[in-house]
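Student: Build me a structure from this.
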Amino acid sequence: MKVSERQLERFPIYLKYLLSMRDSGLLTISSPMIANALSFSEEQVRKDLQVVSMNNGKPKTGRDINEVIHDIQCFLGYDKYTNACIVGVGHLGSALINYQGFRDFGLNIVCGFDSSNKVVGSKINDVEVFSIYQLANKIEELHIEVAILVTPSNVAQDVTNKLVNAGIKGIWNFVPIHLNVNNDVVVENINMASSFAVLQHKLKTKGE
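Tutor: The predicted model follows:
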């Protein structure tokens with residue numbers, strides 16, 4: 001079944017809510033309950049859950065919350081860890097290494113890479129920072145599949161080329177530039193400037 005990008009964006013929201021409900025002691029969950037809590041339509045929730053689960057639940061009682069959590073985690077690949085590296089260990093890169101929430105959705109930060117002698121050889125949250133010149137060897141040695149790119153813009157493409165040549169197939173790009181890669185490499189761009197522009201526009205027009 002084909003899944004839209006909008007649907008993919010909703011599944012982590014469902015998962016976060018379901019985990020919080022399970023932690024509060026809830027055993028079953030219904031589509032109307034999810035829809036009401038997250039301000040989605042009931043039809044939208046039902047259609048989304050049908051994508052990840054064959055179990056439609058029971059009338060009045062709903063679905064087993066652990067089953068729904070498991071189905072979403074498996075669908076998103078959160079049930080197994082993906083090794084990743086941070087490339088560019090400045091303020092943002094360091095913050096990303098320190099963020100514990102990545103493990104909740106199956107992302108395991110195993111190392112960082114940088115060109116600065118100030119950080120190379122150090123550890124951040126028990127994650128070692130290697131020289132950028134060790135990139136190819138460490139990617140193979142540590143079985144790294146995803147690179148989180150947080151470098152300065154002027155070196156981002158050159159670093160991307162090195163990552164691709166080292167075998168990286170997925171790049172989470174926090175650098176506000178377009179990256180040129182082969183068709184077999186997936187790039188997900190996180191443009192904070194664009195996101196903030198949307199926020200500002202919504203704030204500006206909220207009272208109009």
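
Student: And the next helix or strand past the helix ranked longest in the chain?
Tutor: Of all the segments of type helix in the chain, defined by DSSP state H, the longest one is helix 5-23. Moving toward the C-terminus from helix 5-23, the next helix or strand (DSSP states H and E) is strand 28-29.

Student: For that following strand, name the packing helices and strands.
Tutor: In terms of contacts (3 or more C-beta pairs under 8 Å, 6 or more residues apart in numbering; DSSP states H and E), strand 28-29 is packed against strand 63-64, helix 65-76. C-beta coordinates here come from the backbone N, C-alpha and C atoms, glycine included.

Student: Give me the angle between the longest one and helix 5-23.
Tutor: So the one you mean is helix 65-76. 150 degrees (axes from the mean of the first three to the mean of the last three C-alpha atoms, to 10 degrees).

Student: Buried residues of stretch 29-38, list them for me.
Tutor: 29-31, 33-35 (16 or more other C-beta atoms under 10 Å).

Student: next one: stretch 18-26
Tutor: Under 16+ other C-beta under 10 Å, the buried positions of stretch 18-26 are 18, 21.

Student: Give me the residues contacting the longest helix of the chain.
Tutor: Here helix 5-23 makes contact (C-beta atoms under 8 Å, 6 or more residues apart in numbering) with 29, 34, 37-38, 40, 44-45, 48-49, 51-52, 65-66, 68-69, 72-73, 75-76, 78, 104-105.

Student: what's the offset of that helix from the middle of its chain?
Tutor: Relative to its chain's centre, helix 5-23 lies at 13 Å (C-alpha atoms, centre = their mean, to the nearest Å).

Student: For it, give the mean pLDDT please.
Tutor: Average pLDDT, helix 5-23: 91.

Student: Equivalent analysis for stretch 137-153, please.
Tutor: 96.

Student: Over to stretch 157-173?
Tutor: Mean pLDDT, computed over stretch 157-173, is 96.

Student: So what's the gap between it and the chain middle?
Tutor: Here the centre of stretch 157-173 is set off from its chain's centre by 17 Å, with C-alpha atoms, centre = their mean.

Student: same check, this time on stretch 16-31
Tutor: Worked out by C-alpha atoms, centre = their mean, stretch 16-31 lies 21 Å from the chain centre.

Student: can you check stretch 88-101 too?
Tutor: 14 Å.

Student: In that stretch, which residues are buried?
Tutor: The neighbour-count check on stretch 88-101 (16+ other C-beta under 10 Å) flags 88-89, 93-94, 96-97 as buried.

Student: list the helices and strands the host helix or strand of Q157 packs on?
Tutor: Element membership for Q157 (DSSP H and E) is helix 153-165. Packing contacts for helix 153-165, counted by 3+ C-beta pairs under 8 Å, 6+ apart, involve helix 135-141, strand 146-149, strand 170-173.

Student: hey, which of those is tucked in deepest?
Tutor: strand 146-149 (a mean of 23; mean count of other C-beta atoms under 10 Å).
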